[in-house]
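Undergrad: need the 3D shape of this:
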Amino acid sequence: MRRSERPQPALGEAVRQLRKKRGATQETVARAADITTATLSLIERGQANPTWDTLKKIAAALDSSMGELGKLADSLEREKLS
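TA: A predicted model of the protein is given here:
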């Protein structure tokens, strides 16, 4: 995981919202996705972008799909621009 010069805050917010909707902690999701809690925190705060593989693991840990995360992120981005 590397910090991105072009962060995707809407994607991070989508991960956070879905995690909270599922009632999961960062620790639980991070463990299930085989990443550190610090990495998940960076992603949720929009300070790092996950790789495709990491995003797939996070989606699976949230009992979701990459498509669902993408749609939520797109919706959040559109709200921000409104």
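Undergrad: going forward, measure contacts between C-alpha atoms and count neighbours the same way
TA: Fine.
Undergrad: helix/strand/coil for residue 50?
TA: Using DSSP: H, G, I helix; E, B strand; the rest coil, the structure places residue 50 in coil.
Undergrad: where does it land on pLDDT?
TA: Looking at residue 50, its pLDDT is 92.
Undergrad: can you report how many residues neighbour it?
TA: Other residues within reach of residue 50, judged by other CA atoms under 10 Å, total 25.
Undergrad: that one and residue 42 touch, don't they?
TA: No. Counting by CA atoms under 8 Å, residue 50 stays clear of residue 42, with 9.4 Å between them.
Undergrad: show me what contacts the most centrally placed residue in the chain?
TA: The centroid of the chain falls nearest to residue 15 when counting by CA atoms, centre = their mean (3.2 Å). Counting by CA atoms under 8 Å, 6 or more residues apart in numbering, residue 15 makes contact with 44, 58, 69.
Undergrad: among those residues, which lie within helices?
TA: Using DSSP state H, 44, 58, 69 are the members of the contacts of residue 15 that sit in helices.
Undergrad: among those residues, who's most crowded?
TA: In the ones in helices among the contacts of residue 15, the most neighbours by other CA under 10 Å go to residue 58, 26 neighbours.
Undergrad: centre of the chain to the helix or strand of the chain with the lowest mean pLDDT, how far?
TA: Sorting the helices and strands of the chain by mean pLDDT, DSSP states H and E puts helix 66-81 at the bottom, at a mean of 93. With CA atoms, centre = their mean, to the nearest Å as the basis, helix 66-81 stands 11 Å off its chain's centre.
Undergrad: cool, thanks, signing off.
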